[in-house]
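Visitor: Make a model of this:
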Amino acid sequence: MIRLTINNKQVTAKRGETVLEVAQREGIYIPTLCFHKDLSAYGGCRLCIVEVKGWPNPVTACTLPAEDGMIIKTDTPRLKELRTFSLQLILSEHPHACLICDREEECAQYQECIQKSSITFGCKFCSSNGDCELQDLIDRLGITEIPYEFRYRQLDVEKSDPFFERDYNLCVLCGRCIRACGEKRDAHILDFIHRGPQTLVGTAFGLTHLELGCQFCGACVDVCPTGALRERYSMWAGLPERSVRSTCALCSIGCSMQINVGAAGIINTIPDRDELCVRGRFGIAPIVHHPKRVTSPLLRKGKRLVQVSWQEALEYACAQLNKHQKKTGILFSPQLSIESIDAVVRLAGHLACHLTTSAVLAHDLKALNIKDIQDEAVFVFLNTDMIDYSPLFLKLRSRLKKRPMIITIDAVASKGAEKADVWLRPLVGKETQVLQYLFAQKEVRATDTVPRNISDARALCNGKHIYVFCTAQTGDIAVPKHVTKVPLTSMTNALTIRDMGIDTSPARVLNDKNVDCLYVLGAVPQLSRNYASVIVQNCFLPQFDFDVFLPTAVFAEVNGTVITIEGKKRKLRKAFEPVGNAKPDDWILTQMCTMLGCKKRRPASTHTKPRRARRPRQQRRSEAYPLQLVTRENAYVYRGHVLSSLMKGFDRLRLDRRAWVHARTAKKYGLKNDMKVDIIGHNVTMRMPVLVTDAVPENVVVIHHPSDGMVESQPVRLVCTE
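Guide: Below you'll find the model as predicted:
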């Protein structure tokens, strides 16, 4: 144990700790600006300087390792003078009229002197007002004047990218955003550009964040000490009144998060113990308060949808379920809470009807134990974009001493493929064959079906622990004994649904001609026929006709439980009352069970042996169907609705509501960007706009379907509708 003295106080430190870390743990204040507890020490702002007995000059506490016998002073007149000098220099390039104004208190209460400077310069017009570290520093250091000429950078606010804006006129060059982007996310989108007085934070060659493949995780926004980086949605929502710790249920990873709540609702969500992806960071508050969200029950009367009471809506729904009973099909989203799934299973058992999930889940799905992942690892992604599971792989990388090598086997140029150490790009449909070549004992030479860089990938695997990540859409794959297969799913509660023996083949319900009444909970299936009655329970209206709509609360508005891909139970905590007249799923289902007289316990008859989802035999292209449709799981979905259909930012980021075709394929069929086409196959017909891109091979159409497995890959033709 290291013993040292700070301001005449005897303290102890662990080996490797810095003086700043020791002081903060002991409650000794040392001003900082560039320092952040989750990032490496930088020492750029020079505000954390301290004096060490026997040393001639002050040193930065954030980079100074604690040593035995050190005697340190943190608050001498000399240090105060130097810190004031450093902060004044920093403020000479930051709008500071409000920061040093002697009318600060009156302005905060009455806005007495609102026109003392241009509104661009005023704290009152900054989205970080009240949550700015500069304001706190100036108060603590007692700075009342800036003796240096103010230099305004005259930079335009950067608004070209989604989710957040960047006003580098307010940047203090602390470098936090750069370190967060590189150290926390391994993205390295940001860096310092130019030199001297022209130094700025920026991107390579002035490209946009979208062009550089930014994940828009918001890590840079979360560590910014000023208003230079600001979240677009909650920019002017004010400071939160309280924060609620909950779990993000937008995917199977179940990251912990803090929900910031104001008087008018949810302001935003920020990371808690886990790093969030773009879905959890920027997608939740807009879903809760979305203008298209339906928050009152609707009942079809004639040709019109009429707003009705919950009593009338539930009575109608129960009457239809009771009327059809065994001829009812229930399709539910795994994104419901465990409590809601229990209730829907109880309801299905009472009706003795067909119950299935809205997504195909891998039959061999098992809990992922992160502790089982060993060092010297190679991650092989088979037809899977690792960016969709970025928080999970950040967890994996954080516990490994050495960064794992990454091999991607994918015919589509995904973001994950571009970041892989080796990208094996096979012909469409030959991905699993290339996987077998990767592990073949004999030497493999490049051919038409074997990528040229197969030898590079095989060399990476030598002597390493190999893990193959794949989704249910990949189907059954065999791997050697020394290789570990890791099935993935973006859906929460998948492991519990598997253990409960619930069918996970939605096509069985949708193609069952004996089903007269369809009850859809949190899903938006593509209906190919009419039903006697359709009951919908969701947050947003579907595109198909229905008879009654039951509006549900979002997971941020309920108490409940979800099960993650690691098999861990995570709590959902209510942060805000459900908007309007929406109700939690389990409340709706419990009311219906009571009205129908369901038994209190879940019937044992619903526990059947899980059935393996049957994959249709691969069909070949023909003259009638000359193109190959490739469907990918869309992990950016909430309750069947694609996030890009709800928020423009996700539409710009994902481009997943389009049919992706190669430039030469587009030229052959006379297609252009955003031109709408009908995709027609043996058992699929859908209309989508076109995206012309070199990311896909020729004679291939790639779609990201919101309901995993409900549209199979198959030969198709394109028919232009314009």
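Visitor: rest of the way, CA atoms for contacts and neighbours
Guide: Noted.
Visitor: Quick one: find the helix or strand in the protein with the lowest mean pLDDT.
Guide: helix 104-110 (a mean of 66; mean pLDDT, DSSP states H and E).
Visitor: the strands in the stretch 251-400 of the chain, which residues?
Guide: When assigned using DSSP state E, counting those that start in this stretch, the strands of the stretch 251-400 of the chain occupy the ranges 256-262, 265-271, 298-301, 304-307, 328-332, 354-357, 377-382.
Visitor: where does the stretch 151-300 of the chain dip in pLDDT?
Guide: By pLDDT under 70, the stretch 151-300 of the chain contains no weakly predicted segment.
Visitor: rewinding a little: make TSV from the strands of the stretch 251-400 of the chain and add mean neighbour count to it.
Guide: As requested, the strands of the stretch 251-400 of the chain are arranged in TSV below (neighbours: other Cα atoms under 10 Å):
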stretch	mean neighbour count
strand 256-262	22
strand 265-271	23
strand 298-301	18
strand 304-307	14
strand 328-332	27
strand 354-357	24
strand 377-382	23
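Visitor: so what secondary structure elements neighbour the next helix or strand after the least confident helix or strand of the chain?
Guide: Remark: after helix 104-110, the chain's next helix or strand is helix 133-141, criterion DSSP states H and E. Helices and strands touching helix 133-141, by 3 or more Cα pairs under 8 Å, 6 or more residues apart in numbering; DSSP states H and E: there are none.
Visitor: change it to 10 Å
Guide: If contacts are counted by 3 or more Cα pairs under 10 Å, 6 or more residues apart in numbering; DSSP states H and E, helix 133-141 sits against helix 77-91.
Visitor: For the stretch 401-550 of the chain, which residues score under the pLDDT cut-off?
Guide: Scanning the stretch 401-550 of the chain for pLDDT under 70 picks out the ranges 475.
Visitor: now the strands for it?
Guide: According to DSSP E, counting those that start in this stretch, the strands that the stretch 401-550 of the chain contains are 405-409, 422-424, 465-471, 483-488, 517-521, 533-538, 548-551.
Visitor: Double-check that residue 716 belongs to a strand.
Guide: Yes: counting by DSSP: H, G, I helix; E, B strand; the rest coil, residue 716 is located in a strand.
Visitor: Any idea what it is bridged to?
Guide: For residue 716, the beta-bridge partners under DSSP bridges are residue 627, residue 681.
Visitor: which residues sit in contact with it?
Guide: Residues in contact with residue 716 (Cα atoms under 10 Å, 6 or more residues apart in numbering) are 620-630, 678-685, 700-701.
Visitor: Next one: it from residue 692, what distance?
Guide: Computed as Cα to Cα, to the nearest Å, the residue 716 to residue 692 distance reads 17 Å.
Visitor: Give me the subset of the contacts of residue 716 lying in strands.
Guide: Within the contacts of residue 716, residues falling in strands by DSSP state E are 627, 628, 629, 630, 678, 679, 680, 681, 685, 700, 701.
Visitor: picking that back up, out of the strands of the stretch 401-550 of the chain, which is closest to residue 363?
Guide: Residue 363 lies closest to strand 483-488 among these, at 9.2 Å (Cα to Cα).
Visitor: Residue 67: which of the ones in strands among the contacts of residue 716 is nearest?
Guide: residue 630 (60.5 Å).
Visitor: wait, the closest one sits on residue 679?
Guide: No: using Cα atoms under 10 Å, residue 630 makes no contact with residue 679, being 11.6 Å away.
Visitor: who has more neighbours, those two?
Guide: Taking other Cα atoms under 10 Å, residue 630 and residue 679 do not tie; residue 630 has more neighbours (24 against 20).
Visitor: Return the residues in contact with that one.
Guide: 411-412, 428-429, 659-660, 696, 700-705, 711-716.
Visitor: what about burial for the residues you listed, which qualify?
Guide: 411-412, 428, 659-660, 696, 700-705, 711-716 (16 or more other Cα atoms under 10 Å).
Visitor: can you list the domains in this protein?
Guide: Domain assignment of the chain by automatic domain parsing yields the ranges 307-362+494-555+580-606, 370-488, 627-720.
Visitor: Go through these and name the closest to residue 251.
Guide: Of all these, domain 627-720 comes closest under Cα to Cα, at 7.1 Å.
Visitor: any idea of the mean pLDDT in the closest one?
Guide: The pLDDT scores in domain 627-720 average 91.
Visitor: what separates residue 626 from residue 690, distance-wise?
Guide: On the measure of Cα to Cα, residue 626 and residue 690 end up 17 Å apart.
Visitor: Between these two, which is the more surrounded one?
Guide: residue 690 (22 against 15).
Visitor: Dihedrals phi and psi, that one?
Guide: Main-chain torsions, residue 690, degrees, to the nearest 10: phi -100, psi 140.
Visitor: how about it, what does it touch?
Guide: Going by Cα under 10 Å, 6+ apart, residue 690 touches 657-661, 666, 671-678, 701, 720.
Visitor: From those, list just the buried residues.
Guide: 657-661, 666, 671, 673, 675-678, 701, 720.
Visitor: so residue 80 makes contact with residue 51?
Guide: No: with contact defined as Cα under 10 Å, residue 80 does not count as touching residue 51 (11.4 Å).
Visitor: Mutual contacts of the two, please.
Guide: residue 74.
Visitor: who's more crowded, those two?
Guide: residue 51 (21 against 16).
Visitor: Tell me how far that one lies from residue 19.
Guide: The separation that residue 51 has from residue 19, given Cα to Cα, amounts to 11 Å.
Visitor: so what's in contact with those two at the same time?
Guide: In contact with both residue 51 and residue 19: 6, 60, 61, 72, using Cα under 10 Å, 6+ apart.
Visitor: among those, which are in strands?
Guide: Using DSSP E, the subset of these located in strands is 6, 60, 72.
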